[in-house]
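Peer 1: I'd like to go over a predicted model; first the sequence, then the structure.
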Amino acid sequence: MARELLLLAALVAGASCFVYTCNEVKQMLNADDEVLFHGSKACVVIPAAVAFPFNDDPYTWYMYNTYLEDTDSGMKYELTGLEENGHFCMGGVGPWFIKSDDPAQFKCSSAKYKYAEITFIFTSDEPNIVQASVGGKTATYGKGTHVFVAPEGGLMIQKNSIADGKETNMQFYSGAGQNEAEERFALMPEKFVVGTFTVILGPVTTLVIEDDVTIQLTVNSFDDRQDILAPPGFDFTFMSTGRANDQQSSRTNTVVSARYDIEDDAFEYDSISITGTVFIDPNVTNSILIECYNIVSGQKNFPIVDTSDVTINADCTALEITYEGSIGLEDIGRSSEVIYLRISSNSNPVLKTASPDPDATDAPVVTADPATGPTRRTPPPTTTQTRPPPSTTASRLSSTTTKKPTTTSAASGAAILSALVVALLRVF
């Protein structure tokens, strides 16, 4: 129903700075919907891994046989002209049409690309677009507005450095544009802390820096999985909302993994704290599964299926957060879901107890008695401590040691965070 209402609103009044993903455009083209998109800028972003001359199916069709038409001038713009020249946006008056020579070729997947995504942005703002890439790009950012586009669907930002003595807050938004009327919705603000991470699900994220500072970030895009290096004291936030675009709800399993190297003899487990608030749209019913694997005691699962404050404390060798989407590709639209979780660890993890080498032998101790001469004293036998069996986990945590799910509980401190998130929600 939300999808039909969205299309109806677009048909009647035109869309104002919507972010659209591949499957949404595919549905419109197949339905032959003449949807008008308002905005002085029309922008197109594809994954950074796909490059000119775009000879990979279906990107060949996207770039050479799909057009943006400015209805004011009647001009049609082939998408390849933007990417070939290193630009993402074209100016005009609008409103705009998206048209294709053969909508059936707008596939959104192929043998090579599980997600052959393309992102369209229509805005009245002057977007400073940053194309995120798998593997990451490191760059500096200053005061102003920066629009990170991750067609793959997920974004990870690592905070590397800031000038000595400087401080700043990072205000993230889902979507682009200038305000909520143009579908730019605030996520939780964060203080810039070197070495921490921010993980955001969604194709377009806007960062606003209000202070006159220069920061260095590594920006990485991902689709189904993102692994985070987990040194002692690691800290990251996990955010998502469907208010500007709900592409993530069509992904069955999106995994964010943070783990120590459990094959390394250094760490045994660490104390992990997870706090925050989850608002589940009752019409979409996505869910989150938090899995904590402990090399000594096994695995604990913490499912989150209802709107709630979240407080979890556990001892984990490895941690995985799985976002479980619930809608079909044809139903991508908007939702009122909002997720904000902060995951932090102790800077002093429990170390594994080293076992003596059973093949090693101590050299005998030689003593000398003035009367009898030198004698040998053999050291006492060495006792060997048995280690727990090595982990059998690979890309996902082992389910063979799964314990009964532990229900999350609310805490008074999380209630304050809940109030902040609820304040961000509008009636959808």
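Peer 2: Cool, got the structure. As the structure is a computational prediction, the values presented were derived from the model and not from experiment.
Peer 1: isn't C292 up against I274?
Peer 2: No - proximity of C292 to I274 does not meet the contact threshold set by C-beta atoms under 8 Å, at 9.2 Å. Backbone N, C-alpha and C define where each C-beta goes, glycine included.
Peer 1: flag the shaky bits of this protein, pLDDT-wise.
Peer 2: With pLDDT under 70 as the threshold, the chain has low-confidence stretches at 1-17, 83-86, 260-265, 353-428.
Peer 1: quick one: the helices in it?
Peer 2: Read by DSSP state H, the chain holds these helices, from start to end of the chain: 2-13, 22-30, 59-65, 79-84, 412-424.
Peer 1: now do the shared contacts for C292 and I274.
Peer 2: Each of F302 lies in contact with both C292 and I274 under the rule C-beta atoms under 8 Å, 6 or more residues apart in numbering.
Peer 1: what's the longest strand in the protein?
Peer 2: If each strand of the chain is counted by residues according to DSSP state E, the longest one is strand 267-279.
Peer 1: for the residue nearest to E330 when sequence neighbours are not counted, grab the count of nearby residues.
Peer 2: Closest residue in space to E330, ignoring its immediate chain neighbours: Q27 at 5.8 Å, by C-beta to C-beta, 6 or more residues apart in numbering. Around Q27 sit 20 other residues, with neighbours defined as other C-beta atoms under 10 Å.
Peer 1: from C43, how far off is Q27?
Peer 2: For Q27, the distance to C43 under the criterion C-beta to C-beta, to the nearest Å works out to 20 Å.
Peer 1: G142 against Q216, yeah?
Peer 2: No - proximity of G142 to Q216 does not meet the contact threshold set by C-beta under 8 Å, at 10.7 Å.
Peer 1: the more surrounded of these two?
Peer 2: Shown here are G142 and Q216; by other C-beta under 10 Å, Q216 has more neighbours (15 against 11).
Peer 1: that one pairs with what?
Peer 2: Here Q216 shows beta-bridge partners T140, S161, assigned using DSSP bridges.
Peer 1: hang on, isn't it packed against T140?
Peer 2: Yes - assessed by C-beta under 8 Å, Q216 is found in contact with T140 at 5.1 Å.
Peer 1: shared neighbours, those two?
Peer 2: With contacts taken as C-beta under 8 Å, 6+ apart, Q216 and T140 have no neighbour in common.
Peer 1: ok, Q105 - contacts?
Peer 2: The neighbours of Q105, taking C-beta under 8 Å, 6+ apart as the test, are P58, W61, N65.
Peer 1: now rank those by neighbours and give me the top one.
Peer 2: Among those, P58 has more neighbours than the rest - 20 neighbours, counting by other C-beta under 10 Å.
Peer 1: which ones are touching the residue nearest to it when sequence neighbours are not counted?
Peer 2: By the measure of C-beta to C-beta, 6+ apart, the closest residue to P58 outside its immediate chain neighbours is K107, 4.3 Å from it. With contact taken as C-beta under 8 Å, 6+ apart, K107 is in contact with K26, D57, P58, W61, A116.
Peer 1: state the pair within those residues that is farthest apart.
Peer 2: Spatially, the most separated pair among those is K26 and D57, at 14.9 Å (C-beta to C-beta).
Peer 1: more crowded one of those two?
Peer 2: For the pair K26 and D57, the greater number of neighbours falls to K26 (22 against 15), based on other C-beta under 10 Å.
Peer 1: show me the contacts for the more buried one.
Peer 2: Residues counted as contacts of K26 (C-beta under 8 Å, 6+ apart) are P103, F106, K107, C108.
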